[in-house]
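Trainee: no FASTA, just this:
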């Protein structure tokens, strides 16, 4: 049984369940447990499940769900009750098999336009930035922003850096960035405000694959450093 | 059996109801901006409601029919014509091989939809034919149409249809769509952070006119108004957003998330356009003024349900009449 959650509507066709007010592993596990449960036991009319740091949002089809409802009950009211029942009666566990993914990153300034600036800001050498960034395991809290874009945390304290004031008009696909205590990878070229400290030659989102997104919420990620030559070589192949 | 794009428009793209079930991977549902128009053209052409249709902005494509076809237009009025004869919206139309469809002048609305009996041969990605231009998937080649593109029909229309004219509307048959769209203020349900606005800003939200700026597209409409203020600055952890979500940007202006919205966001959520009024907003143009009125969750749901019932009636009526007509005209 879960305690400590808040439920509120997100417009007239989605509902959000909030498990806490700060980014931490425990709260996110609760989010992912309910996500997992509803993925395996969906109700009729469920359209989408969107886990985030502290919240799970359920998008639904009002017309289909309406058929479950008693007279005078709103669809939202029915769904709220349904979720409360699940949270109060089910032993929710996050059963997604823990996957560990290791991602090659080239930290050479040619493909890491902010690494020198960031190192300087924190009075570190570039090598220290690299060893700090590759030194720990990150948790994928959520995907969002672009198809397959992973929000990963927690970045070592010495590397915590705010977003750029003026976002870049074009960030190349594969760019690895830092925003606050999060690190992420741009699966597509796009505008973006994260501090770019590296680039991976591998595809983070590949529609030719059955599972297009390389990462899923709940995954564990580590980075390892590769040279510019290896980067160029891998990108070509 | 195809249409050929004689001249591509500003943005002619295939969409269906959207690609749901993948937002946990950051894949947004997309889909037609005006799903009412999508459903209407599909009803008028005897299609499944979820069949993909062509969404066009002005200037819209000039299209040549390479074979007889049964099609319908709905949504924006861009003065559609077949071989220079003006044709109506919201009616099933038979058209002869080599006829050319053009759109001459925008009159009303922002997007016109073309549905074809039997649908077009498109590629599907994750169970949807909606085009995702970022990923280059779905629709026709995963992108907007280009001049000289040739898009195949799924089925052939029999040649027994009237041949004497270039285009032929089924008489006494038209979908009345007036009641489906909202003409007054757009109805809004309060968002998670509505109460965080100052009392003055709360009032302002419901009394002011908001102008749709040029910085608006299928991802979101950015609005211009007197800036709205929060009682105190907020640090919000990113979480899911949805179609119609109204966010407050750091500069005090609002953005409304549209069909191609991102799946998550971290700006304060002031409100949400109700589902029943989303398509009315989708037909608004840059520099149009809009205003908001607050409704309850129950009222929002009821508005949507009654709109869906209205659509179902329309679909049933279309099925009946069109089948009668086709049967009568197919008799030897």
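Mentor: The structure has been received and is ready for your questions. Since the model is a prediction, treat every value here as computed from it, not as a measurement. Residues are numbered from 1 along each chain as shown, chains lettered A, B, ... in the order given.
Trainee: Now do residue B:235, the pLDDT please.
Mentor: Confidence at residue B:235, expressed as pLDDT, is 84.
Trainee: swap in residue B:96?
Mentor: Looking at residue B:96, its pLDDT is 86.
Trainee: just checking, it touches residue B:66?
Mentor: No - using Cβ atoms under 8 Å as the test, residue B:96 is too far from residue B:66 to be in contact (11.0 Å). For every residue, glycine as well, the C-beta is placed using N, CA and C.
Trainee: neighbour-wise, which of the two wins?
Mentor: When neighbours are counted by other Cβ atoms under 10 Å in any protein chain shown, residue B:96 and residue B:66 differ, and residue B:96 comes out ahead with 20 against 17.
Trainee: what about the residue sitting furthest away from the middle of chain A, which SS state?
Mentor: Here chain A has its C-alpha centre computed as a mean, and the residue farthest from that point, by Cα atoms, centre = their mean, is residue A:71 with 39.2 Å. Under the three-state scheme (DSSP: H, G, I helix; E, B strand; the rest coil), the conformation of residue A:71 reads as coil.
Trainee: who touches it in this structure?
Mentor: Residues in contact with residue A:71 (Cβ atoms under 8 Å, 6 or more residues apart in numbering or on different chains): none are found.
Trainee: Could you measure from it over to residue A:77?
Mentor: Computed as Cβ to Cβ, to the nearest Å, the residue A:71 to residue A:77 distance reads 12 Å.
Trainee: returning to what we had before: mind checking pLDDT for the residue farthest from the centre of chain A?
Mentor: At residue A:71, the pLDDT value in this model is 77.
Trainee: check contacts around residue A:200.
Mentor: By Cβ under 8 Å, 6+ apart, the residues touching residue A:200 are A:103, A:104, A:105, A:106, A:174, A:176, A:185.
Trainee: From those, which land in strands?
Mentor: Helix and strand membership here follows DSSP state E; of the contacts of residue A:200, those in strands are A:103, A:104, A:105, A:106, A:176, A:185.
Trainee: and the spatially most central residue of chain A, what does it touch?
Mentor: Chain A has residue A:142 as the residue nearest its centroid, 2.3 Å off, counting by Cα atoms, centre = their mean. With Cβ under 8 Å, 6+ apart as the criterion, the residues that contact residue A:142 are A:28, A:51, A:52, A:53, A:150, A:151, A:217, B:238, B:264.
Trainee: Show me what the fifth one is bridged to.
Mentor: Think residue A:150. Here residue A:150 sits in beta bridges with residue A:143, going by DSSP bridges.
Trainee: Then the second one?
Mentor: For residue A:51, the beta-bridge assignment (DSSP bridges) gives partners residue A:56.
Trainee: Look up how far residue A:216 lies from it.
Mentor: 10 Å.
Trainee: Any chance you could list residues touching both of these two?
Mentor: When Cβ under 8 Å, 6+ apart defines a contact, the residues bordering residue A:51 and residue A:216 alike are residue B:24.
Trainee: Compare these two (neighbour count), which wins?
Mentor: In terms of neighbours (other Cβ under 10 Å), residue A:51 is the more surrounded of residue A:51 and residue A:216; the figures are 28 against 19.
Trainee: The more buried one contacts residue A:32, correct?
Mentor: Yes - counting by Cβ under 8 Å, residue A:32 is a contact partner of residue A:51 at 5.9 Å.
Trainee: what do residue B:96 and residue B:66 both touch?
Mentor: Overlap between the neighbourhoods of residue B:96 and residue B:66 is empty, taking contacts as Cβ under 8 Å, 6+ apart.
Trainee: got the residues of the stretch 201-332 of chain B near chain A?
Mentor: Neighbours of chain A within the stretch 201-332 of chain B, by Cβ under 8 Å from any Cβ of the partner chain: B:237-245, B:262-264, B:269, B:272-275, B:297-298, B:300-301, B:304-305, B:308.
Trainee: Buried ones among the residues you listed?
Mentor: Buried members of those, scored by 16 or more other Cβ atoms under 10 Å in any protein chain shown, are B:237-245, B:262-264, B:269, B:272-275, B:297-298, B:300-301, B:304-305, B:308.
Trainee: roughly how far is the helix or strand where residue B:64 lies from the heart of the chain?
Mentor: Counting by DSSP states H and E, the element that carries residue B:64 is strand B:62-65. For strand B:62-65, the distance from its own C-alpha centre to the chain's C-alpha centre is 21 Å (Cα atoms, centre = their mean, to the nearest Å).
Trainee: what's the next secondary structure element after it?
Mentor: Toward the C-terminal end, the helix or strand that comes next after strand B:62-65 (DSSP H and E) is strand B:69-77.
Trainee: Now that next one: buried residues?
Mentor: Judged by neighbour count using 16+ other Cβ under 10 Å, the buried positions of strand B:69-77 are B:69, B:70, B:71, B:72, B:73, B:74, B:75, B:76, B:77.
Trainee: Just grab the bridge partners of the nearest residue to residue B:63 once chain neighbours are set aside for me.
Mentor: The shortest distance from residue B:63 to any non-neighbouring residue, by Cβ to Cβ, 6 or more residues apart in numbering or on different chains, is to residue B:101 (4.4 Å). Legend: beta-bridge partners of residue B:101 under DSSP bridges are residue B:63, residue B:82.
Trainee: Count residues in the vicinity of residue B:101, would you?
Mentor: Here the count is done by other Cβ under 10 Å, and residue B:101 has 24 residues near it.
Trainee: Same question for residue B:296.
Mentor: The tally of other residues near residue B:296 (other Cβ under 10 Å) stands at 12.
Trainee: now swap in the one 10 residues further on and tell me
Mentor: By other Cβ under 10 Å, the residues close to residue B:306 number 12.
Trainee: same question, the one 3 residues further on
Mentor: Other residues near residue B:309 number 11, with proximity taken as other Cβ under 10 Å.
Trainee: That one: which element?
Mentor: Under the criterion of DSSP H and E, residue B:309 resides in helix B:297-330.
Trainee: The stretch 101-250 of chain B: helices as residue ranges?
Mentor: Along the stretch 101-250 of chain B, counting by DSSP state H, counting those that start in this stretch, helices occupy B:199-207.
Trainee: partners of the residue in the stretch 51-200 of chain B that chain A sits nearest to in the sheet?
Mentor: Across the stretch 51-200 of chain B, no residue is closer to chain A than residue B:137, which sits at 5.2 Å (Cβ to the nearest Cβ). Beta-bridge pairing of residue B:137 under DSSP bridges involves residue B:132.
Trainee: how near is it to residue A:40?
Mentor: On the measure of Cβ to Cβ, residue B:137 and residue A:40 end up 27 Å apart.
Trainee: Same question for residue A:75.
Mentor: Here the criterion is Cβ to Cβ. By it, residue A:75 lies 22 Å from residue A:40.
Trainee: Give me the more crowded residue out of these two.
Mentor: Looking at residue A:75 and residue A:40 with other Cβ under 10 Å, you find the greater number of neighbours at residue A:75, namely 27 against 8.
Trainee: Spit out the contact partners of the closest residue to residue B:73 other than its chain neighbours.
Mentor: Using Cβ to Cβ, 6+ apart and skipping residues adjacent in sequence, the residue nearest residue B:73 is residue B:89, 5.0 Å away. In this structure, residue B:89 makes contact with B:73, B:74, B:75, B:77, B:80, B:112, judged by Cβ under 8 Å, 6+ apart.
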